[in-house]
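Q: Prediction below, plus the sequence it came from.
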Amino acid sequence: MRLRELIFAVLLGLGFIPTVFAQTTFADNSVLRVGIAPAPPFVIESGDGDWTGIAVELWQEIADELDRDFVYIPHDRASLREALRDRSVDIGLSDIPITQSTLEFAGFSRPYFHSELSAVSVEQKPSSISLILDALTSRDVLILIGVLLALVVVVAFIFWIVEPKKDSMLYEDDHKRLNFTNGILWAILLITAQEPDIFKNRNIWGRYLAISVLFIGVTISASYIALLASTLTVSSLRTAVHGVEDLPHLHVGTLRASRGSEFLNEQHLAHRDYADLREAVEALLEGHVDILIADAPLVTYYLRRHSDAREQVTMLPVHFETEYHGIAMTQDTPLLGPINASISRFVESAEWPRIVQRYLGRQLGSLN
């Protein structure tokens with residue numbers, strides 16, 4: 001060992017030199033083997049054999065900054081994971097998220113992107129009448145209507161008890177049998193904010209109650225409108241999914257060797273794996289599966305570039321989990337520190353949001 005290297009090693013052992021600097025200094029400067037598996041928009045293979053995508057552009061920036069040469073080694077999702085496990089590649093570029101299972105065979109940089117594991121279904125074109133009837137008879141809407149009716153009856157009964165029967169503007173009808181009915185009608189108008197005149201109540205406690213009911217009624221009415229609008233949206237879909245509890249009753253599809261497949265296995269749910277999103281969407285449209293579970297950016301990118309599919313399928317308003325994406329690499333690599341520093345600088349630059357927007361149309365999941 002030369003004297004300079006001996007002095008460097010002694011200083012490192014004494015703690016005078018940061019470990020990251022030492023790793024960078026001693027790192028092998030050989031050509032890096034970069035395993036790469038198609039996963040648009042993270043990794044996209046062009047017709048002429050070139051590669052592009054969010055993860056590819058990020059990696060090329062990192063390699064330029066670190067002044068490292070590299071060579072791409074094509075894989076599919078499954079074989080890339082095995083290559084990282086057996087260390088036949090140094091870096092892995094695809095849509096591999098940072099999870100407990102992926103950390104068993106690879107190391108990861110700091111996250112550069114986060115996304116949602118989403119559900120995709122076929123959109124129907126039902127008639128307006130059937131759509132409205134389905135929405136009005138849905139369980140959640142019926143429950144809220146029941147709450148409204150119960151509130152109306154309770155409020156009318158309380159007003160009927162506390163309000164004087166004579167000289168009351170609430171009970172002006174001459175027929176006593178209609179007194180309580182008039183109270184119900186007034187309670188409906190009060191709850192729906194159509195009759196906010198609390199001074200019709202002669203009793204002071206009735207006025208206080210009217211104010212409380214007015215605020216409660218406005219809240220419930222707004223919730224009813226929002227729920228009805230959401231139900232109308234979901235009713236236009238062939239398959240409505242509100243959570244993982246609905247999946248056991250459906251035929252589910254996902255991408256092979258993806259986080260969706262891992263998630264469904266963790267939930268002990270039967271599913272069909274497909275090689276890519278094109279094949280999976282075709283299976284969905286042909287009715288082989290009821291729903292697809294896939295990473296939201298993959299679906300967004302695919303639908304932006306396939307207008308025929310965009311008119312027939314849509315992402316449901318349900319997310320099963322949040323995913324974080326980083327640069328995958330072999331475990332315990334000395335490249336981790338320099339790569340993390342490079343990512344931190346690049347995702348905070350003005351160029352990074354433009355890259356994400358170019359592929360997804362908006363800054364979906366950008367960690368900057």
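A: The structure has been received and is ready for your questions. Residues are numbered from 1 along each chain as shown.

Q: The strand or helix carrying P353 - what's its average pLDDT?
A: Element membership for P353 (DSSP states H and E) is helix 351-360. Across helix 351-360, the average pLDDT comes to 94.

Q: List the buried residues for it?
A: For helix 351-360, a neighbour-count test (16 or more other CB atoms under 10 Å) marks 352, 355-356, 359-360 as buried. All C-beta atoms are positioned from the backbone trio N, CA, C, and that covers glycine.

Q: got it, and stretch 247-263?
A: Applying 16+ other CB under 10 Å to stretch 247-263 flags 247, 250-263 as buried.

Q: Using CSV, list the CA coordinates for it.
A: This file holds the C-alpha atoms of stretch 247-263, laid out as CSV (Å, rounded to 0.1, in the frame of the first residue of the first chain):
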residue,chain,number,x,y,z
LEU,A,247,-62.4,-7.4,-4.3
PRO,A,248,-63.1,-11.0,-3.2
HIS,A,249,-66.4,-10.9,-5.2
LEU,A,250,-64.7,-9.7,-8.4
HIS,A,251,-62.4,-11.1,-11.1
VAL,A,252,-59.3,-9.0,-10.6
GLY,A,253,-56.4,-8.4,-13.0
THR,A,254,-53.0,-6.8,-12.5
LEU,A,255,-49.5,-6.6,-14.0
ARG,A,256,-47.1,-9.5,-13.6
ALA,A,257,-44.3,-9.0,-11.0
SER,A,258,-45.8,-5.6,-10.1
ARG,A,259,-46.7,-4.1,-6.7
GLY,A,260,-50.4,-4.8,-7.6
SER,A,261,-49.6,-8.5,-7.8
GLU,A,262,-47.8,-8.4,-4.5
PHE,A,263,-50.6,-6.5,-2.9
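
Q: per the record, what domains does this protein have?
A: Using automatic domain parsing, the domain parsing of the chain gives 31-112+326-360, 128-235, 239-323.

Q: For V122, which of the ones you listed is the nearest?
A: domain 239-323 (5.5 Å; CB to CB).

Q: A270 and V252 touch, don't they?
A: Yes. With contact defined as CB atoms under 8 Å, A270 reaches V252; the gap is 7.3 Å.

Q: Tell me the one of the buried residues of helix 351-360 nearest S79?
A: Taking CB to CB as the measure, S79 lies nearest Y359 of the buried residues of helix 351-360, at 24.3 Å.

Q: pretty sure the closest one contacts E57?
A: No. Using CB under 8 Å, Y359 is not in contact with E57, being 9.1 Å away.

Q: re the thing from before, who are the packing partners of the helix holding P353?
A: helix 54-66, helix 296-305 (3 or more CB pairs under 8 Å, 6 or more residues apart in numbering; DSSP states H and E).

Q: can you map out the strands along this structure?
A: Ranges of strands within the chain are 32-36, 44-45, 51-52, 70-74, 91-93, 107-108, 113-122, 252-255, 272-274, 291-295, 313-325, 328-329, based on DSSP state E.

Q: looking at those, which is closest to V153?
A: The nearest among the strands of the chain, by CB to CB, is strand 313-325 at 33.5 Å.

Q: Show me what counts as buried in the closest one.
A: For strand 313-325, the neighbour count (16+ other CB under 10 Å) marks 313-316, 318, 320, 323-325 as buried.

Q: Give me the helices and strands touching it, please.
A: For strand 313-325, the packing partners by 3+ CB pairs under 8 Å, 6+ apart come out as strand 113-122, helix 204-235, helix 259-266, helix 277-285, strand 291-295, helix 296-305.

Q: That one vs strand 291-295, what angle?
A: Orientation check (axes from the mean of the first three to the mean of the last three CA atoms, to 10 degrees): strand 313-325 against strand 291-295 gives 30 degrees.

Q: Quick check: mean pLDDT of strand 313-325?
A: The predicted model assigns strand 313-325 a mean pLDDT of 90.

Q: Now do that strand against helix 296-305: the angle between them, please.
A: Between strand 313-325 and helix 296-305, the angle comes out at 140 degrees (the same axes, to 10 degrees).

Q: circling back to that earlier point, could the domains of the chain go into CSV alongside distance to S121?
A: Shown next, in CSV, are the domains of the chain (distance: least, CB to CB, whole Å):
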stretch, distance to S121
domain 31-112+326-360, 21
domain 128-235, 9
domain 239-323, 4
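
Q: so which two of the buried residues of stretch 247-263 are the farthest from each other?
A: With distances taken as CB to CB, the most widely separated pair in the buried residues of stretch 247-263 is L250 and A257, at 21.7 Å.

Q: so where is the stretch 151-300 of the chain shaky, pLDDT-wise?
A: Across the stretch 151-300 of the chain, the ranges flagged by pLDDT under 70 are 159-183, 185-186, 189-211, 213-214, 217, 220, 224, 227-240.

Q: Can you name the residues bridging to A39?
A: Counting by DSSP bridges, A39 forms beta bridges with V43.

Q: I'd guessed it sits against R77; true?
A: Yes. A39 is within contact range of R77, at 7.0 Å (criterion: CB under 8 Å).

Q: so which of the buried residues of helix 351-360 comes closest to I291?
A: Looking across these and measuring by CB to CB, the closest to I291 is L360, at 22.2 Å.

Q: which among the buried residues of strand 313-325 gets closest to F113?
A: Nearest to F113 among the buried residues of strand 313-325, with distances taken as CB to CB, is H325, at 4.3 Å.

Q: From S342, how far out is that closest one?
A: For H325, the distance to S342 (CB to CB, to the nearest Å) stands at 16 Å.
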